[in-house]
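*Asks:* Take this sequence and fold it.
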Amino acid sequence: MQRIVLVQIDPWSDPIELLAVTPIGRVPALVTDDGAVITDSTTICEYFDAVGPGPMLMEGDRFEVMARAALAQGLIDAAFAAVVELRRPAELRWESWVSRQHRAIARTLEMLAPAGDRFDLGDITLASALGYLDFRLPEIAWRRAHPGLGAWLDSVSRRPSMQVTKP
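*Replies:* Got it, this is the predicted structure:
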């Protein structure tokens, strides 16, 4: 029987438990039953699709799902880049870099549309990206400009899988 053990960890503190699994200190990290380490979210999801009995995360047009997931991952990457820069001391902060990331976030949000009943890898990545914006960059106030996305996030955030993995 396969199982998943979630471990809450602060990757910024270089915890020995994480570094013992992956020397790059990156999260998420999955250690498979055979000891392989996977540190990329999309690859972890592909692994679950290959071994898991549940609904497929990349069902249907795989490239369409992957394209949506990549766009949402880009949203996460831009938000993360802004957050990291904003953590620097003000005198060292590169404000034009933060502004560039905020513009990328705004452009990407314009391209996104809420999904219907589907909840695949693209939707999971989008929900994670929007949740990250709420969590780390609330000043962006993306919900005001995109109420449909906000309502969609509120709805999918009630899913058990989203509840057990929220920060």
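
*Asks:* Point out where this protein drops to low pLDDT.
*Replies:* 1-2 (pLDDT under 70).

*Asks:* Report the next helix or strand after the lengthiest helix in it in sequence order.
*Replies:* When the chain is scanned for its longest helix (criterion: DSSP state H), the result is helix 62-86. Per DSSP states H and E, the first helix or strand lying C-terminal to helix 62-86 is helix 95-111.

*Asks:* okay, now Phe135: neighbour count?
*Replies:* Neighbour count of Phe135, defined by other CB atoms under 10 Å: 12. Just so you know, the C-beta spots here come from the backbone N, C-alpha and C atoms, and that holds for glycine as well.

*Asks:* so it makes contact with Pro167?
*Replies:* Yes. With contact defined as CB atoms under 8 Å, Phe135 counts as touching Pro167 (5.7 Å).

*Asks:* what's the residue nearest the centre of the chain in contact with, if anything?
*Replies:* Nearest to the geometric centre of the chain sits Ser128, at 4.1 Å (CA atoms, centre = their mean). By CB atoms under 8 Å, 6 or more residues apart in numbering, the contact set of Ser128 is 72, 76.

*Asks:* can you rerun that using 6 Å?
*Replies:* Ser128 sits next to no residue when contact means CB atoms under 6 Å, 6 or more residues apart in numbering.

*Asks:* My reading is that it is in a helix; is that accurate?
*Replies:* Yes. Per DSSP: H, G, I helix; E, B strand; the rest coil, Ser128 lies within a helix segment.

*Asks:* now the end-to-end length of stretch 142-162.
*Replies:* By CA to CA, to the nearest Å, the extent of stretch 142-162 from end to end equals 20 Å.

*Asks:* swap in stretch 102-119?
*Replies:* 27 Å.

*Asks:* So what touches that stretch?
*Replies:* 75, 78, 123, 142, 146, 148-149, 152.

*Asks:* For those residues, which ChimeraX command selects only the ones that are buried?
*Replies:* This is how ChimeraX selects the buried members of the contacts of stretch 102-119, with burial counted by 16 or more other CB atoms under 10 Å:
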select :75,78,123,142,146,149,152
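
*Asks:* among the contacts of stretch 102-119, which are in helices?
*Replies:* Using DSSP H, these in helices are 75, 78, 123, 142, 148-149, 152.

*Asks:* can you redo those residues as a markdown table with distance to Arg3?
*Replies:* Output for the ones in helices among the contacts of stretch 102-119, formatted as a markdown table (distance: CB to CB, whole Å):
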| residue | distance to Arg3 |
| --- | --- |
| Leu75 | 31 |
| Ala78 | 34 |
| Asp123 | 25 |
| Trp142 | 36 |
| Gly148 | 37 |
| Leu149 | 34 |
| Trp152 | 31 |
